[in-house]
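make a model of this:
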Amino acid sequence: MSDATDLLAARRAKLDRLRADGVEPFPHAFRGVEPVAAVRAAHEGLEAGAETEATHRVAGRLAARRGQGKMAFLDLVDRSGRLQVQSRADALGADLHTRLLELDLGDLIGVDGTAFVTRRGELSLRVDAFTVLAKSLRPLPDKHHGLTDVETRYRRRELDLLANEETRARFVARAKIVAAVRRALDDDGFLEVETPVLQPLYGGALARPFTTRFNALDQTMYLRIATELYLKRCIVGGLERVYELGKDFRNEGLSPKHNPEFTMCEFYEAHADYRDAAARTERLVYAAALVVGDAAGAQHFQPPWKRETLAGAIALRTGIDIREHCERESLSAAIERHGTAKIRAEGRSWPQLVDDLLSTFVEPTLHEPTFLLDYPVELSPFAKRHRTAEGLTERWEAFAGGMEIANAFSELNDPDEQRERFEAQARQASAGDEEAQPYDEVFVQALEHGMPPTAGVGIGIDRLVMALTGTRTIRDVILFPALRD
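Numbers count the residues shown, from 1 in each chain. This is a model prediction of the structure:
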């Protein structure tokens with residue numbers, strides 16, 4: 001047999017011995033457990049060699065073992081940290097001491113013990129009793145090298161979490177960021193709502209949808225690409241401040257910044273505009289940054305953020321003024337003249353070429369938090385026209401770490417103009433633009449009931465986590481990212 005087969009057989013043999021000795025290796029519960037971090041906090045500051053009468057119940061995975069014979073130390077790891085436990089034959093009894101030392105690394109156990117500090121200053125629990133909570137039938141990844149194969153880390157995230165403390169810390173940080181976003185919005189009077197994931201008509205973004213079949217209704221349905229149109233109908237209905245934090249789906253490519261299934265937070269505020277939305281976003285992101293780690297790192301996201309116009313940012317970095325080249329042929333020629341060989345103009349519409357200039361030459365340069373303001377109408381089918389600049393809308397996108405993290409508008413609330421925008425999008429779709437926004441008559445009719453002036457923001461949670469944790473690829477902040485079979 002191979003070494004791997006031998007290891008599996010040895011672990012199963014130990015499982016059989018536990019059962020033969022009357023030990024249930026997979027019990028139903030183990031109540032009253034304290035996090036390791038709480039035990040450490042309770043005894044912070046004790047001197048080396050200190051004894052206590054404090055007893056604690058902890059549970060976790062066996063991660064290391066040192067010593068044999070009548071006394072040994074074992075490391076127990078839970079989500080909050082690592083704690084050393086000491087097993088002594090004279091305290092635990094020879095048979096139980098032997099059974100504890102025969103357990104494999106990776107086994108899950110519960111320990112009742114008394115706290116003390118070793119002569120070397122290490123807080124420990126002297127084991128008074130232990131319980132096997134789950135026998136691990138497969139060995140953990142190599143403790144010295146961790147789990148380094150990238151493909152395996154993504155496909156078998158549970159092993160990545162077990163082997164790499166950095167991975168565990170990143171997903172703990174993600175949970176704190178999501179909680180901070182919710183807390184900031186809740187504290188400001190926003191109401192969290194839930195809108196359909198399966199929609200009869202997708203909308204709210206320029207993207208291709210995933211299509212499915214709703215058998216009970218005998219109709220084609222779409223996984224939502226955004227929550228925007230339903231949330232704005234909530235504003236029409238008088239809810240005034242709403243948000244939704246959940247999954248969206250866009251049937252597009254994979255890249256370090258794109259996963260087809262991703263997490264978005266969209267919030268809408270009546271009686272506000274895109275300038276109010278920018279100020280609120282700065283405060284919200286800064287609050288999230290503060291929960292991740294040290295205050296010094298959070299200062300990078302402290303308001304106010306840098307502001308540029310979209311046209312000015314493109315002109316500064318390429319020499320091309322998109323407002324002077326407002327037709328496709330003119331912009332295409334300008335791109336060719338300026339030698340921007342990274343962009344292929346063939347088959348691309350004017351809005352797509354502008355977006356190509358943005359994503360290729362501007363976005364990668366925006367490392368510090370920055371708002372790009374005032375987008376062309378053609379790129380912004382749901383944004384209100386700019387109050388002073390012809391041909392532009394009151395829209396911004398926020399960038400950090402060389403990528404977009406948020407998008408916002410002063411929302412278009414004129415139903416007649418919204419109908420015209422939908423018709424323009426329909427013409428683009430007829431011309432071959434697969435990402436054009438489909439016509440949504442129900443949404444237009446909702447606007448005809450009257451929507452107050454409103455600001456709306458969409459924050460990409462995955463990218464926000466990337467920016468706040470210094471992560472380079474979106475797969476590292478999604479527990480189970482999309483992968484080819």
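
so residue 79 touches residue 171, yeah?
No - contact between residue 79 and residue 171 fails when scored by CB atoms under 8 Å: they sit 9.8 Å apart. The way it works is simple: take the backbone N, C-alpha and C, and place the C-beta from them, glycine included.

more neighbours: the two, which one.
Between residue 79 and residue 171, counting by other CB atoms under 10 Å, residue 171 is the more crowded of the two (19 against 12).

I'd say that one and residue 479 touch.
Yes - under the criterion of CB under 8 Å, residue 171 makes contact with residue 479 at 6.5 Å.

show me what counts as buried in stretch 211-219.
Neighbour-count burial for stretch 211-219, counted by 16 or more other CB atoms under 10 Å, picks out no residue.

run through who's touching it.
With contacts defined as CB atoms under 8 Å, 6 or more residues apart in numbering, stretch 211-219 is touched by 198, 200, 220-223.

and residue 110, that one's in a helix?
No - remark: residue 110 does not belong to a helix; assigned using DSSP: H, G, I helix; E, B strand; the rest coil, it is strand.

give me the beta-bridge partners of it?
residue 59, residue 131 (DSSP bridges).

wait, doesn't it sit right on residue 131?
Yes - using CB under 8 Å, residue 110 is in contact with residue 131, at 4.4 Å.

more neighbours: these two, which one.
Shown here are residue 110 and residue 131; by other CB under 10 Å, residue 110 has more neighbours (20 against 15).

quick check: that one vs residue 71, distance?
Residue 110 sits 21 Å away from residue 71, going by CB to CB, to the nearest Å.

what's the answer for residue 306, then?
From residue 306 to residue 71 the distance is 60 Å (CB to CB).

neighbour count winner among the two?
residue 71 (14 against 11).

just give me the neighbour total for the residue lying closest to the more buried one once chain neighbours are set aside.
Distances taken as CB to CB, 6 or more residues apart in numbering put residue 88 closest to residue 71, at 5.0 Å, once the chain neighbours are dropped. Counted with other CB under 10 Å, the neighbours of residue 88 add up to 13.

likewise residue 324?
11.

any idea which element it lies in?
Residue 324 is part of no helix or strand when elements are defined by DSSP states H and E.

hang on, isn't the residue nearest to residue 71 packed against residue 126?
Yes - Residue 88 is within contact range of residue 126, at 6.9 Å (criterion: CB under 8 Å).

now do stretch 8-17: distance to the chain's middle.
Between the centre of stretch 8-17 and the centre of its chain there are 39 Å (CA atoms, centre = their mean, to the nearest Å).

what mean pLDDT does that stretch have?
Across stretch 8-17, the average pLDDT comes to 96.

does residue 55 count as helix, strand or coil?
Going by three-state DSSP: residue 55 is strand.

and it, how far from residue 44?
17 Å.

again with residue 211
56 Å.

would you put the C-alpha positions of stretch 94-102 in PDB?
This file holds the C-alpha atoms of stretch 94-102, laid out as PDB (Å, rounded to 0.1, in the frame of the first residue of the first chain):
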ATOM      1  CA  ALA A  94      -2.700   6.500  33.100                       C
ATOM      2  CA  ASP A  95      -5.200   5.000  30.700                       C
ATOM      3  CA  LEU A  96      -6.900   8.300  29.700                       C
ATOM      4  CA  HIS A  97      -3.400   9.900  29.500                       C
ATOM      5  CA  THR A  98      -2.300   7.200  27.000                       C
ATOM      6  CA  ARG A  99      -5.600   7.500  25.000                       C
ATOM      7  CA  LEU A 100      -5.100  11.300  24.700                       C
ATOM      8  CA  LEU A 101      -1.600  10.900  23.500                       C
ATOM      9  CA  GLU A 102      -2.600   8.300  20.900                       C
END
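
in the stretch 301-450 of the chain, mark out all the strands, start to finish.
306-309, 370-373, 395-400, 403-410 (DSSP state E, counting those that start in this stretch).

parallel or antiparallel, which strands does the second one pair with?
Strands that pair with strand 370-373, judged by DSSP bridges, come out as strand 306-309 (parallel), strand 395-400 (antiparallel).

so who does residue 289 touch?
297-298, 300-301, 468.

oh sorry, the question was meant for residue 407
For residue 407, counting by CB under 8 Å, 6+ apart, the contacting residues are 395-398, 457-458.

could you rerun that using 6 Å?
397, 458 (CB atoms under 6 Å, 6 or more residues apart in numbering).

so what sits opposite it in the bridge?
With DSSP bridges as the criterion, residue 407 is bridged to residue 397, residue 458.
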